[in-house]
Structure formats: C-alpha cells, structure tokens
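Here is the input, now give the coordinates:
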Amino acid sequence: MGRLVVAVFVAAGAGAIAFPSSQRAAQPPVFRAGIEGVEVDVVVTTKQGAPVADLSERDFQVLEDGKPQTLTAFTRIQIPIANREQTRNDEPVVEPDVVTNERANDGRVYVVILDDLHLSPRWVVRAKSVAREFIDRLGPNDLMAIVHTAGPTSASQEFTANRTRLRDAADRTTANALESANAVTNHNLQASNGLAGGDTFTLERARNADMTLRIVQHVAQWFQTVRGRRKAILLISEGIDYEMSMVDRPDEPNTPSDMVLNSARAAIDASMRSNVSIYAIDPSGLSGADDIATDYFAPRSSALGPRGAQREHDLAQHNLRWVSEETGGIAVIGRTDLARAYDAIVADNSMYYVLGYTPPPHNNDGKFHAIRVRVNRPGIIIRARSGYVSPKGGAVSPSPSGAEDPLAAPLPIAGATIRLALAPFKGAGSKASVLMTEDIQGRDLALGVPNSLELSYVAVDAGGQAVATSRDRLELTAGDPEVQARIRASGIRVLNRLDLPPGRYTVKAAVHDVAATTSGSVAYDLDVPDFDTVPLAMSGLALTSMTTDRFVVAKDDAPMRAVLPAPPIAERDLPRRSEVWVYAEVYDNLGPIEHTTRITTTLTSASGAIVYHTTSDHDPKEFRGQHGTFRYRVRVPLADAAAGRCVITVEARTTGDRPEIAKRQVPIVVADTMTP
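Sure thing, here's the model as predicted:
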C-alpha cells in the first residue's frame, strides 16, 4: 500500500490577517504599477448606460503621459447578474456550514467603508439602510467586507458571503460627525453677541478627515494583490467637510491642511496603484444646505448662514465626487431612489475589460503618470482610473519563499480546491475544541511524483488578532497505484483541532502543493459559543456517510473515531441511496432542577416538508455521569428525500413551562448521483 506521512508542527505568533487574492485560471500577468507593468480596468457603456460587451483588444488604445503603449494583456470579464428577486430567493434560510474555493473567481468583490466619522445622527439610520440594501443585492458567489472609520475594530467584518454577518456589521454603524463648521461658527457668534466666531473644532475636523482618508488608503493597499478582477470600494459618507484637492501648492509642514492634503494624495495614490474604483454614496439624498442653515442662521453674519452652509455642503459633495472620478468610479449624490445607482455599480463590476501594458522606465520617480484609454467606436462612454503614482525608491522585493503566503491573501485563492467544515465542541477549561474537516481535491494535486502538501491554519478574532495558528505537512509518496487513483478521483481528507475561547472568528485554511507550486485557501466565519454560561447548549454538528471511503484519510481524529462509524466529512452533496450519521453533544448546565431533555432530529425538504423525524427523551442522570455532556448520535436516511436542497435540524428542548432550547442546522443537497 502507498503511504501518506503526516508530520504535524505548530507555529505560534503568526501575524494577524487584516483582510482577506484570488487567482484566475487564465488571468493576466501579475503587475505592480511602475515595476513590472500596469493593469487598468475599463468600463465601457453606451450613453444610456448599457454595457458594451463586444470589444476586442484591437479596439483599445492606452496612452501613458500622452504616449501610446503596447498592450501585453487583455481580458474581457463578464459575470452574470441575477435580478433582485432572484438574488433574494437564492439566499439560503440556513447558512452553509462548509466553505469552498471551488468557485472563488466567479463573483464580485466589494469593500464597504461606513464613514462613521462623517455620518450625523440625522442620517446614520439611512446609512445603515443604504448598506443593507446593497448587501441584499449580493450574488451567490460575491464577497464583501465592511470597515468602519470609528468604533471598535470588532464592528468590522472580513470578506464573507454571509449576509447575516454583513448586516450585523452594517447595523453597528455609529454617528460621529462633528457639528458643521458653519453651525459652530454661528453658535459662537450668537453666544458672544457677534464679537467672536470661528470653528473651534478645526483640529478635530482635520483629524477625522485624515482618519477616513487613511482608512481608504489602507483598504486600497489590502486590494493590491488582487489581480485580474475589478475591485470596488463603496464609501458611504456625507462627505469630508475639509478642504482637500490634488492641486500643486507648497507644502505647509505640520499644519492640519497639509496633513489632510497629504492623506488625500496617499489615498488616491494607493487606489490608483491598486487599480481600485471608489463609489461614494451620500445617504442624505436630496437634503441640501438649507436644511442645515435654517437652524444655525446668525443674525449679524448672514454670509455665515445660508451661503456658508451652501459652501460647506458643496465642499463635502465635491470631495465625494473627486475620489470617485479619480479612481474610475461614480458618485451617488442627491438621490433618494438608489436602485438605479446600485444597478450601475453592479454592472460596472460585472462587465469590464482588463488591459495590461509594460510602462516606460520611470526609475521609481514617485510621480503621477496619467492614463488615458481610447476606444475606436463612437457614441460610447469610457471610465478608467486617471493614472497611477510610480513607487518612490527601490523596487518591491519578492517574498523570501518566492511566493505569497496564501493565508495573507485578501481573498480566497482558487488553485488547490478545498472544502472546509468547522464544528465547535466543549474543550478543556473555558475553551472550545473546534473540529476542522478539510477535503483537498485530488484533481488539483501533483501525484505520481514525490511531493509535499503544506497545510496552514489561522484563527483571527473580531479584533483582528491571530489567536491560534498551526501548520501541517503531508508527504505524498508515489506508491500504491490504487491509493493514487483514489486520491486523483476524490482527494485527501485531513482532520484537525483548534482550541479557541468563546468569540467570533475568521478561520483561514490554506494548502500549498510544493511540486505543482499551486496554492488554495478558504476563509470560514465561525462563532464559538460559551458552552458553560447558558442553561442548555449544543455543539456543532459532525456528519459522516459511508461514501467517505472514496477519500484517502491522511489524518484522523480520535474522539470522532469513537462515536462515528467513519471519519467526518466536508461533503454536503450526498446521493439519495446513502444515509447520513449525525453527531452532536448537548451540554446541560441546569444542575439539580428537575427536567427532561427531548432531542429531535428532522430532515426537511426545500418546500418545508418533513422527510424524516425522530425524537428521544433523556434524563439529567444521562448528562451528569459525563460532566454535563450527552453524546448524541443519529442515523438519517435520505431515501425518501427528493433531489434538491434539504436541511438537517437537531434540537434539544427541556420540559416545563419555560423550556430551554438549543438547536443546530446543516443544509445538504440530495442528489440522484454522487458528486466527486
């Protein structure tokens, strides 16, 4: 028999993963602006806004600093757009408990920046609604991250397709905008009977502007490694109420104006260099300066009343337009019905062209180089970034290993295909023991030659700190042809454990095939409950099936071996002829209170029909003998289920007038045939 040697070692102290790049199978070359090459996303529409999708490479011309450039890469990107009702209907009632990178490149990528620092109490509810409305438009393979400019780091959300998590992050938006400079000035004039005016919050206003711009810069830098796909930032803000523009003027060292101007330049430079488009959205809609000026009109200084409010309002909106137009996006300002604007943003990120060229040598001059794109077709509108800033100083050196760390990639990497299922169980002390079931598809691996698979994992908490890391190495030997054939046809299954305290985490798993020099990664949203502080709690669900013998198990899990007839699986597409074994642990913390716990398992079809149902009652003594834990195992037949989506539900409920309830659900797909 061929052998799989597993050498396990743990690496501590890995850096936190801030935000989750995808690699496209036929993507353009990797470019770094001003070094190897330049990549430009180009949106082409008719004057009515309809995308133009039939252009070829010879239809485009790119000029840098007015000089024509030779295209070295050309890609047409076209992602299907689901209508709003279809998108809503596609949303699963139960979130999947398995993530995969199998279709990592099939969707759109957005970062929403909720600018708490420039949202007023009057419009913060509308800002949350604006974010939620766009979240509802996400397609099944789209990814989004949410960042706040104020409040705790835990209020943000890393890249995910989980709409529940995204909505929760949007709902944590706060109103931290300062009172308008015009209003503050008029308050001071009124309080001093016209003798003293001025904005007493000038320094704080500059700090807020600087913070927002630095966050835009940081998000753009996160996106720098994402190649071959359009990258969009949705900036939801009432606008930065501070003077900033890219006009040339002498620096004024150590002044607030100079600080904000430099931050504005850095934010735009980073967005241009990373080929990121910014879509600024003002949630205040059609409200105008008169709405502000009415409350703060100073009788002795009418110029600071309506006219001052109008200037301030115009400045904030100008800044939103500026950051959008410079980066090839659009500004959504003065609109109450955002449906058409959202359609335009989704269309921009669904049908576009990626052009690449090698620029003339700049010697890393740190200067702005203008880009202009032409298309030899009349009557169309072209949008692309206006240029980029060449890095100043030495060239960027490659990573020591010669490849990027897949755990540090902003988005899941599609290369080696992974399926990952996580299930938290009660562990030692206050920590949970999280079972990790990882399937690595054999079709992506270099087999038949000596090879190693490097597996790495990191759990990042809501504050962005890495709290648990580990690395495994699988040595694949060119041995038994039957084992090799099984791996090639199905894959390798690896079981691991992570010990985590209660909290919200993003768990990233990556695999690197040394011989094939390919990598893959996934990111999993995990909530670890505190099993000891609630009256009744339930672990995650571990599933297995006799179909698991197709996979070669490289690393098993002893606790699961004791309770399941086969190793846990990360497959959720299962044939009707099979049956599923489900394992869960129920934790009873009610103590001496007299009660009985009823555990019910159901299999429900997409229509809501109950296909399978079983119930059992358990006395507290069945828990006390095992330190408050009842180990529950049930066999669920699939023979009576129609092909399609189903949900397995395990619920524990205590008797009495006020029952305690703990429940877990896992969606599966019942198929007529087995999916590899």
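
Tell me where the stretch 101-250 of the chain is predicted with low confidence.
104-105, 194-197, 227-229, 244-250 (pLDDT under 70).

can we see that at 90?
102-108, 137, 139-142, 151-155, 158, 161, 178-206, 221-231, 240-250 (pLDDT under 90).

do the stretch 401-550 of the chain as well
Ranges of the stretch 401-550 of the chain meeting pLDDT under 90: 401-415, 428-430, 443-444, 446-451, 462-465, 470-472, 475-490, 516-517, 546-550.

As a check, name the ranges of all strands in it.
418-426, 432-441, 451-461, 466-476, 491-500, 503-513, 518-528, 536-538, 542-545 (DSSP state E, counting those that start in this stretch).

The first one packs against which elements?
Applying 3 or more Cβ pairs under 8 Å, 6 or more residues apart in numbering; DSSP states H and E, we find strand 418-426 packed against strand 98-100, strand 432-441, strand 503-513, strand 518-528, strand 579-588. For glycine as for every other residue, the C-beta is placed from the backbone atoms N, C-alpha and C.

Between these, which one is closest to G356.
G356 lies closest to strand 518-528 among these, at 21.9 Å (Cβ to Cβ).

That closest one vs strand 451-461, what angle?
30 degrees (axes from the mean of the first three to the mean of the last three Cα atoms, to 10 degrees).

mind giving me a markdown table with the strands of the stretch 401-550 of the chain and columns for mean neighbour count?
Shown next, in a markdown table, are the strands of the stretch 401-550 of the chain (neighbours: other Cβ atoms under 10 Å):
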| stretch | mean neighbour count |
| --- | --- |
| strand 418-426 | 24 |
| strand 432-441 | 24 |
| strand 451-461 | 22 |
| strand 466-476 | 19 |
| strand 491-500 | 22 |
| strand 503-513 | 23 |
| strand 518-528 | 22 |
| strand 536-538 | 21 |
| strand 542-545 | 23 |
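
Of all those strands, which one is nearest R664?
So among the strands of the stretch 401-550 of the chain, strand 536-538 is nearest, using Cβ to Cβ, at 5.4 Å.

what packs against the closest one?
Counting by 3+ Cβ pairs under 8 Å, 6+ apart, strand 536-538 packs on strand 579-588, strand 644-654, strand 661-671.

Roughly how far does the nearest residue to T164 once chain neighbours are set aside sit from S271?
Nearest residue to T164, sequence neighbours excluded (Cβ to Cβ, 6 or more residues apart in numbering): E95, at 6.5 Å. As defined by Cβ to Cβ, to the nearest Å, E95 lies at a distance of 32 Å from S271.

Looking at the two, which is more packed in?
The residue with more neighbours, out of E95 and S271, is S271; 27 against 15, by other Cβ atoms under 10 Å.

quick check, that one in a strand?
No: counting by DSSP: H, G, I helix; E, B strand; the rest coil, S271 is not found in a strand; it is helix.

ok, it touching Q221?
No: here S271 does not reach Q221: they are 9.3 Å apart, not a contact under Cβ atoms under 8 Å.

Now do the same contact list for the residue nearest to V434 when sequence neighbours are not counted.
In space, and not counting its chain neighbours, V434 is closest to L498: 4.5 Å by Cβ to Cβ, 6+ apart. Going by Cβ atoms under 8 Å, 6 or more residues apart in numbering, L498 touches 433-434, 436, 457, 459, 468, 470, 507.

just to revisit the earlier point, I'd like the strands of the stretch 401-550 of the chain laid out as a markdown table, including distance to R265.
Shown next, in a markdown table, are the strands of the stretch 401-550 of the chain (distance: least, Cβ to Cβ, whole Å):
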| stretch | distance to R265 |
| --- | --- |
| strand 418-426 | 40 |
| strand 432-441 | 44 |
| strand 451-461 | 31 |
| strand 466-476 | 32 |
| strand 491-500 | 41 |
| strand 503-513 | 32 |
| strand 518-528 | 32 |
| strand 536-538 | 52 |
| strand 542-545 | 53 |
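
S277 is nearest to which of these?
Nearest of the strands of the stretch 401-550 of the chain (Cβ to Cβ): strand 518-528, 23.1 Å.

give me the number of residues near K47?
8.

ok, now R576?
So R576, with other Cβ under 10 Å, has 16 neighbours.

go on, Q310?
Neighbours around Q310, by other Cβ under 10 Å: 16.

Please give the element, helix or strand, for it.
Per DSSP states H and E, Q310 falls inside helix 306-326.

For P361, which of the strands of the stretch 401-550 of the chain is the nearest?
Across those, closest to P361 is strand 518-528 (Cβ to Cβ), at 31.7 Å.

The closest one pairs with which strands, parallel or anti?
According to DSSP bridges, strand 518-528 has the following sheet partners: strand 503-513 (antiparallel).

quick one, the strand it pairs with and strand 491-500 angle?
Using the same axes, to 10 degrees, strand 503-513 lies at 150 degrees relative to strand 491-500.

for strand 503-513, the distance to its chain's centre please.
The chain centroid and the centroid of strand 503-513 are separated by 13 Å, computed with Cα atoms, centre = their mean, to the nearest Å.
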